[in-house]
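J.: after the sequence you'll find the predicted model.
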Amino acid sequence: MDSQTSNRPGSPDGKSSAWRALPAGIWALGFGSLFMDISSELIHSLLPAFMVTTLGASMLTVGLIEGVAEGSAAITKVFSGVLSDYLGKRKFLMILGYALSACAKPIFPLAASVSWVFAARFIDRVGKGVRGAPRDALVADLTPKEMRGAAYGLRQALDSVGALLGPLLAVALMIWLANNLRAVMWIAVMPAFIAVALLLVYVREPERTSADDPPRAPLTMADAKRLPLRYWLVVLLGGVFTLARFSEAFLVLQAREVGLQVGYLPLVMVVMNIIYAGGAYRAGAAADRVSPRTLMFLGLILLIAADVALAYATSTLIVFAGAALWGLHMALTQGLLSKLVADTAPAELLGTGFGVFNLVSGVALLLASVIAGSLWSAFGARATFLAGATFAAVAAMGLLAAQAAQRYHHHDQNSTRM
């Protein structure tokens with residue numbers, strides 16, 4: 001009994017050793033994310049400057065491209081999530097999504113106009129959409145419920161390490177290749193295909209206990225009704241939260257605005273991802289023990305602080321401070337939202353649950369990025385970041401109101417019983 005207890009993530013020993021007990025498949029998923037993010041962030045940390053300086057795109061165009069790309073990913077996630085529940089198979093769809101993203105990478109260095117970048121971002125994000133919900137559901141399939149926070153946190157932490165290494169490589173390669181943006185983007189192609197090979201070989205889908213059951217029908221209204229109210233509240237929270245968190249491309253562009261040279265712009269993403277990678281696992285593991293509402297509220301406060309710092313930034317140092325706060329809020333909230341979805345959606349509808357959640361969040365990100373680009377074009381960078389802070393404040397107040405309503409409901413029920 002003692003040995004079992006010591007391995008539980010909630011026990012004193014388990015806090016530090018929970019990651020050792022996670023299944024090998026979770027590690028493989030994490031390293032697959034790491035290599036794909038090295039490729040993606042190597043490109044994306046340079047892409048805003050590439051679009052604005054080399055291809056002549058406006059801020060509104062940058063916001064539109066980023067928003068549409070993320071929106072298309074979100075719509076795709078619904079279908080891939082539902083399909084993974086219907087087929088009872090996650091790995092095939094996940095690999096397909098990673099392969100689509102890998103095949104999109106060579107289009108970036110070949111781009112002769114903004115429309116090429118748009119096409120590449122669209123294919124890349126559709127790939128992300130295809131893999132996202134099945135992968136997140138597969139994490140839940142592979143992991144005991146009491147360790148899900150640690151599992152999502154570990155995968156997110158390794159993902160963030162890749163997102164850190166990508167911009168670092170971008171800076172080093174820009175120095176080595178004399179700011180040749182296209183040559184650097186070509187080098188980014190290789191890690192994407194390594195990710196696909198890694199996942200193909202090392203991820204094993206668990207046997208399903210319902211394997212002998214007849215195939216399920218596609219998503220119906222009856223399925224939607226089976227998703228409980230607390231799940232829909234998580235979806236609503238994620239949507240409002242995402243409105244406050246537009247594309248990180250605008251962080252890079254703000255650094256350019258205050259005078260950082262093009263070759264060093266990826267350092268903004270480096271700073272953000274150092275904090276993100278360092279905090280994601282600990283925050284995910286904490287979500288198995290601490291009130292999710294507390295962590296979410298703290299994340300929103302940090303996002304408000306990040307937006308305010310970026311809005312009033314007059315030097316690169318302040319931009320880096322804002323990026324660090326942004327990374328910390330991401331560490332506290334992204335794995336947490338995945339855990340909340342996994343905990344509130346029925347097991348047989350996990351893929352669907354993640355798909356619907358990502359759809360709502362993706363549409364919110366589309367709106368947020370278009371609004372951010374429009375505000376920047378019309379009123380400047382400060383208006384963009386202050387609008388983000390306002391949305392985050394609204395989400396924080398909504399969270400407090402929901403907590404107060406829940407306490408009142410419990411108090412009212414207790415009074416009725418008496």
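T.: That came through, no problem. These numbers come from a predicted model, not from an experiment.
J.: which ones are touching the nearest residue to Ala102 once chain neighbours are set aside?
T.: Among residues not flanking Ala102 along the chain, Ala192 sits closest, at 3.8 Å (Cβ to Cβ, 6 or more residues apart in numbering). All C-beta spots, glycine's among them, are computed from the backbone N, C-alpha and C. The neighbours of Ala192, taking Cβ atoms under 8 Å, 6 or more residues apart in numbering as the test, are 35-36, 39-40, 98, 101-102, 105.
J.: number of residues surrounding Ala364?
T.: 24 (other Cβ atoms under 10 Å).
J.: for Glu41, that is, sorry about that
T.: Counted with other Cβ under 10 Å, Glu41 comes out at 29.
J.: same check on Phe50?
T.: So Phe50, with other Cβ under 10 Å, has 22 neighbours.
J.: what's near enough to touch it?
T.: Contacts of Phe50 by Cβ under 8 Å, 6+ apart are 111, 117, 181, 185.
J.: one more time with 10 Å, if that's ok
T.: Listed by Cβ atoms under 10 Å, 6 or more residues apart in numbering, the contact partners of Phe50 are 43-44, 57, 108-109, 111, 117, 181-182, 184-185, 262, 265.
J.: and for Asn179?
T.: 46, 173, 261-263.
J.: one more: Arg382?
T.: Contacts of Arg382 by Cβ under 10 Å, 6+ apart are 254, 308, 310-313, 375-376.
J.: ok, it to Leu267 distance?
T.: Separation of Arg382 from Leu267 (Cβ to Cβ, to the nearest Å): 22 Å.
J.: same question for Ala401.
T.: For Ala401, the distance to Leu267 - Cβ to Cβ - is 39 Å.
J.: same deal with Val68?
T.: In terms of Cβ to Cβ, Val68 sits 27 Å off from Leu267.
J.: who's more crowded, those two?
T.: Higher neighbour count among Val68 and Leu267: Leu267, with 21 against 17, using other Cβ under 10 Å.
J.: what ranges of this protein fall below the confidence cut-off?
T.: 1-20, 208-225, 402-418 (pLDDT under 70).
J.: spatially central residue for it, please.
T.: For the chain, the residue nearest the mean C-alpha position is Gln334 (6.0 Å; Cα atoms, centre = their mean).
J.: and that residue, what element?
T.: In this assignment (DSSP states H and E), Gln334 forms part of helix 316-344.
J.: buried set for that helix?
T.: Under the neighbour-count criterion of 16 or more other Cβ atoms under 10 Å, helix 316-344 has 316, 318-344 buried.
J.: also stretch 287-301?
T.: For stretch 287-301, by 16+ other Cβ under 10 Å, it's 287-288, 292-293, 295-301.
J.: of these, which belong to strands?
T.: Among the buried residues of stretch 287-301, no member is found in strands (DSSP state E).
J.: farthest-apart pair in those residues, please.
T.: Pairwise distances across the buried residues of stretch 287-301 (Cβ to Cβ) peak at 21.7 Å, for the pair Asp288 and Ile301.
J.: gap between the closest residue to Ser315 other than its chain neighbours and Ala311?
T.: Excluding the flanking residues, the one nearest Ser315 by Cβ to Cβ, 6+ apart is Val258, at 6.0 Å. For Val258, the distance to Ala311 equals 12 Å [Cβ to Cβ].
J.: now do the shared contacts for those two.
T.: Joint contacts of Val258 and Ala311 (Cβ under 10 Å, 6+ apart) are 318, 381.
J.: which of these two has more neighbours?
T.: Shown here are Val258 and Ala311; by other Cβ under 10 Å, Ala311 has more neighbours (20 against 15).
J.: which residues does the residue nearest to that one when sequence neighbours are not counted contact?
T.: Nearest non-adjacent residue to Ala311, counting by Cβ to Cβ, 6+ apart: Phe385, 3.7 Å away. The contact partners of Phe385, by Cβ under 10 Å, 6+ apart, come to 246, 250-251, 254, 306-313, 322, 372, 375-376.
J.: any idea which helix or strand carries Phe385?
T.: helix 381-417.
J.: in stretch 48-56, which residues are buried?
T.: Neighbour count says stretch 48-56 has 48-52, 55 buried, by 16+ other Cβ under 10 Å.
J.: nearest to Val196 among those?
T.: Of the buried residues of stretch 48-56, the one sitting nearest to Val196 (Cβ to Cβ) turns out to be Phe50, at 24.6 Å.
J.: where's that closest one relative to Leu350, distance?
T.: Phe50 is 38 Å from Leu350, by Cβ to Cβ.
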